[in-house]
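>>> The sequence and its predicted three-dimensional model are supplied below.
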Amino acid sequence: MGEAIVITSGKGGVGKTTTSANIGTALALMEKKVCLIDTDIGLRNLDVVMGLENRIIYDIVDVIEGRCKLKQALIRDKRFECLSLLPAAQTSDKTAVTSEGMKEIIAELKQEYDYIIIDCPAGIEQGFQNAVAGADRAIVVTTPEKASVRDADRIIGLLEKEEMIESPRLIINRIRNHMIKSGDMIDVDDIVQLLSIELIGIVIDDEEVIKASNKGEPVALTPNSKASIAYRNIARRILGESVPLQSLEDEKGMFQRVKKFFKIGS
Amino acid sequence: MLDKKQLVTIKGTREGLILFIDETCSFNEAITELHDKINSSKPKHDEPIVSVTVKLGNRYLKTEHEERLREIISIENRFEIYAIESDVILKEDALRWKENSDVKIVNRIIRSGQVLNISGDLLLIGDVNPGGKVIATGNVYIMGNLYGIAHAGVNGDQNAFIIASYMKPTQLRIANYISRAPDYESEGVYMECGVIDDEQDKIIIDRLQVLARKRLELNGFERRIQNG
């Protein structure tokens, strides 16, 4: 019996889709059976980030409206046998998707897969309700910006009303260490204290992420970029391993050591 | 024939008259007797208005009865009603009093978009995050960080106050006063209180110790019984 995890944030553009793609990929790297679900009807892009756009034949609305079987709509990833994607609809009517429909789909997928990663749309309307409906756990993504933290707080409040196995966990994305040091960006500790939920990972702002998603190759596949390690650590924590949460200083120190080792940078 | 028991007794004091109304007779009997008594003495010229306290004993007056009583006593402008005192109140009134004087303990985080509405005093063990709001008819005590909005004395109690372990609120509201955070970036304060300052006629934030001087009647139940 698998576990469904919804990736959500409230605010748009903080990296829900990138996080979904990379956590899914990282779990697949550890040989778990993973299914990604894109629930952003009308604005799908998980398929683009995964580089699977050209393989879509059926989508989630087709499944809910009974035009195809669930298995027909699932797209097998080109790199991993064990990774699949259920794409969102681009054109169909978004009112077709209901909480009940989502619950059914997820219950069916849980028989087959170890992890179901649900990419949630921005906002707190029906799309959010649908994405959250079938989930067992939630991961909230935020960036170190006031507006994004505020929305994350709102979302956590809404998630606490849902029936979940445990309280949501937090990923802080796009951290720029030099800005935190100069006091221009909110500190990780301050965010964790304010939101008071468990931190499951921090991801440094990394150009590799943009490069990778433009190529349709999730960054978690690259061997040693900063963001890639961060996503793989998050996946290990989801599996229950206790990977120490590197503080920013340590992380920077570690990268500097790596840089020094290769004699680049200062 | 036995002397008929007096239903209405009048007693004079320095502050004015005290009017005892027997608690066992019917309201109509009492009111008739009272009416006769008042009418029997014709007012002298230039007599000052006398203040009257009505003591009802174990009698509960309905609104229409109270109106009639007031009407009769205030007739011809000779008397002025200072208070109508009864030893009994309705159970629902008593419950409402208790409700409004209890300290409600809430143990959670008030997150952005959430509103906590309490009658009586609020003791919140947890934070009020930015965008969150707590409202109480009495005082607000927060053991945690106050970043959002706190509104004390929402029904107009200007003596209500707000205290927090750490205060950096978006807004403080007490009764119908509102104060907001300054536009410049500022540090919050630890263990302070927000009260209405009568001299400046606005909400000020001050050390907790000033409450000992400014709000002596902290004991909730009696305070609010006095306030009705």
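That came in fine, so what should we check first?
>>> Pull up the residues of chain B that are close to chain A.
Residues of chain B found near chain A (Cβ under 8 Å from any Cβ of the partner chain) are B:Ile109, B:Arg111, B:Ser112, B:Gly113, B:Gln114, B:Asp127, B:Asn129, B:Pro130, B:Gly131, B:Gly132, B:Asn145, B:Tyr147. The C-beta positions use only the backbone N, C-alpha and C, and glycine is treated the same way.
>>> switch the cut-off to 6 Å
B:Ile109, B:Arg111, B:Ser112, B:Gly113, B:Gln114, B:Asn129, B:Pro130, B:Gly131 (Cβ under 6 Å from any Cβ of the partner chain).
>>> Look up the closest residue to the third one, ignoring the ones flanking it.
With Cβ to Cβ, 6 or more residues apart in numbering or on different chains as the measure, B:Gly131 is the residue that lies nearest to B:Ser112, at 3.1 Å, once sequence neighbours are left out.
>>> correct me, but the one you found touches B:Gln114?
No: the criterion here is Cβ atoms under 6 Å, and B:Gly131 misses it with B:Gln114 at 8.3 Å.
>>> Give me the below-cutoff pLDDT ranges for the chain.
Unless you meant another one, I'm taking chain A. A:246-266 (pLDDT under 70).
>>> To clarify, I was referring to chain B.
B:1-4, B:42-46, B:76-77, B:216-228.
>>> Show me what residue of it gets nearest to chain A.
With Cβ to the nearest Cβ as the measure, B:Arg111 is the residue of chain B nearest to chain A, at 3.6 Å.
>>> helix/strand/coil for the residue of the stretch 151-266 of chain A found nearest chain B?
Going by Cβ to the nearest Cβ, chain B is nearest to A:Gly157 of the stretch 151-266 of chain A, at 3.6 Å. Three-state assignment for A:Gly157 (DSSP: H, G, I helix; E, B strand; the rest coil): helix.
>>> Identify the residues contacting it.
B:Arg111, B:Gln114 (Cβ atoms under 6 Å, 6 or more residues apart in numbering or on different chains).
>>> If we use 8 Å, what do you get?
Neighbour list for A:Gly157: B:Arg111, B:Ser112, B:Gly113, B:Gln114 [criterion: Cβ atoms under 8 Å, 6 or more residues apart in numbering or on different chains].
>>> same check, this time on B:Ile75
Contacts of B:Ile75 (Cβ under 8 Å, 6+ apart): B:Ile38.
>>> quick one, helices of the chain?
Unless you meant another one, I'm taking chain A. A:16-29, A:46-49, A:60-64, A:70-73, A:99-112, A:126-133, A:146-161, A:177-181, A:188-195, A:207-215, A:226-238, A:248-261 (DSSP state H).
>>> Oops, wrong one, chain B.
With DSSP H as the criterion, chain B has helices spanning B:27-40, B:63-73, B:91-101, B:210-214, B:220-227.
>>> Out of those helices, which is closest to A:Ile106?
helix B:91-101 (43.9 Å; Cβ to Cβ).
>>> is stretch A:173-185 anywhere near chain B?
No: Stretch A:173-185 lies out of reach of chain B by Cβ under 8 Å from any Cβ, never closer than 10.5 Å.
>>> A:Glu100 and chain B: what is the separation?
Distance of A:Glu100 to chain B, given as Cβ to the nearest Cβ, to the nearest Å: 26 Å.
>>> what's the closest non-adjacent residue to that residue?
Nearest one to A:Glu100, counting by Cβ to Cβ, 6+ apart, is A:Ala133 at 7.8 Å.
>>> Test my guess that the one you found contacts A:Ser99.
Yes: counting by Cβ atoms under 8 Å, A:Ala133 touches A:Ser99, with 3.8 Å between them.
>>> Looking at these two, which one has more neighbours?
Higher neighbour count among A:Ala133 and A:Ser99: A:Ala133, with 21 against 14, using other Cβ atoms under 10 Å in any protein chain shown.
>>> Just list the residues touching that one, thanks.
A:Ser99, A:Glu100, A:Met102, A:Lys103.
>>> Of those residues, keep whichever come out buried.
A:Met102 (16 or more other Cβ atoms under 10 Å in any protein chain shown).
>>> Now for the contacts of A:Ala133: which two are most distant?
A:Glu100 and A:Met102 (7.3 Å).
>>> Among the contacts of A:Gly157, which one has the most neighbours?
For the contacts of A:Gly157, the largest number of neighbours (other Cβ under 10 Å) sits with B:Arg111, at 27 neighbours.
>>> Please verify my assumption that it contacts B:Gly132.
Yes: here B:Arg111 reaches B:Gly132: they are 5.5 Å apart, a contact under Cβ under 8 Å.
>>> what touches both of these two?
Joint contacts of B:Arg111 and B:Gly132 (Cβ under 8 Å, 6+ apart) are A:Asp153.
>>> quick one, phi psi at A:Ala122?
A:Ala122 has phi and psi values of phi -70, psi 160 when expressed as degrees, to the nearest 10.
>>> From chain B, how far out is it?
15 Å.
>>> interface residues of the stretch 101-250 of chain A facing chain B?
Residues of the stretch 101-250 of chain A lying near chain B (Cβ under 8 Å from any Cβ): A:Arg150, A:Asp151, A:Asp153, A:Arg154, A:Ile156, A:Gly157, A:Leu194, A:Leu195, A:Ser196.
>>> Show me which pair in those residues is furthest apart.
Most distant of these, by Cβ to Cβ, are A:Asp151 and A:Ser196, 16.0 Å apart.
>>> Among those two, which residue is more densely surrounded?
Between A:Asp151 and A:Ser196, counted using other Cβ under 10 Å, A:Asp151 has the larger neighbour count: 25 against 17.
>>> and that one, how far is that from A:Glu198?
19 Å (Cβ to Cβ, to the nearest Å).
>>> count of neighbours near B:Val8?
20.
>>> Now do the contacts for it.
Applying Cβ under 8 Å, 6+ apart to B:Val8 gives the contacts B:Leu19, B:Phe20, B:Ile21, B:Asp22, B:Ala30, B:Glu33, B:Leu34, B:Lys37.
>>> tally of neighbours for the first one?
The one in question is B:Leu19. 22.
>>> quick one, what contacts it?
B:Leu19 neighbours (Cβ under 8 Å, 6+ apart): B:Val8, B:Thr9, B:Ile10, B:Lys11, B:Leu34, B:Val52, B:Thr53, B:Val54, B:Lys55, B:Ile73.
>>> Go again with 7 Å.
B:Val8, B:Ile10, B:Val52, B:Thr53, B:Val54, B:Lys55 (Cβ atoms under 7 Å, 6 or more residues apart in numbering or on different chains).
>>> for the fourth one, same thing?
Contact criterion Cβ under 7 Å, 6+ apart gives B:Leu7, B:Ala30 as the residues in contact with B:Asp22.
>>> change it to 6 Å
For B:Asp22, the contact set (Cβ under 6 Å, 6+ apart) comprises B:Leu7.
>>> and if you look at A:Ile180?
Contacts of A:Ile180 by Cβ under 6 Å, 6+ apart are A:Asp187.
>>> Tally up the residues packed near residue 123, please.
Picking chain A for this. Neighbours of A:Gly123 (other Cβ under 10 Å): 16.
>>> looking at chain B here, not the other one
If we define neighbours as other Cβ under 10 Å, then B:Leu123 has 17 of them.
>>> Could you do B:Lys11 as well?
10.
>>> Pull the contacting residues for it.
B:Ile18.
>>> Put the alpha carbons of stretch A:208-221 into CSV.
Below are the C-alpha coordinates for stretch A:208-221, written out as CSV (Å, rounded to 0.1, in the frame of the first residue of the first chain):
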residue,chain,number,x,y,z
GLU,A,208,21.3,24.2,-12.5
VAL,A,209,17.6,23.9,-11.6
ILE,A,210,16.6,26.2,-14.4
LYS,A,211,19.0,24.7,-16.9
ALA,A,212,17.8,21.2,-16.1
SER,A,213,14.1,21.9,-16.2
ASN,A,214,14.5,23.6,-19.6
LYS,A,215,16.1,20.4,-20.9
GLY,A,216,13.3,18.3,-19.4
GLU,A,217,15.8,16.5,-17.1
PRO,A,218,15.1,17.0,-13.4
VAL,A,219,18.1,18.4,-11.6
ALA,A,220,18.0,15.5,-9.1
LEU,A,221,19.6,13.4,-11.9
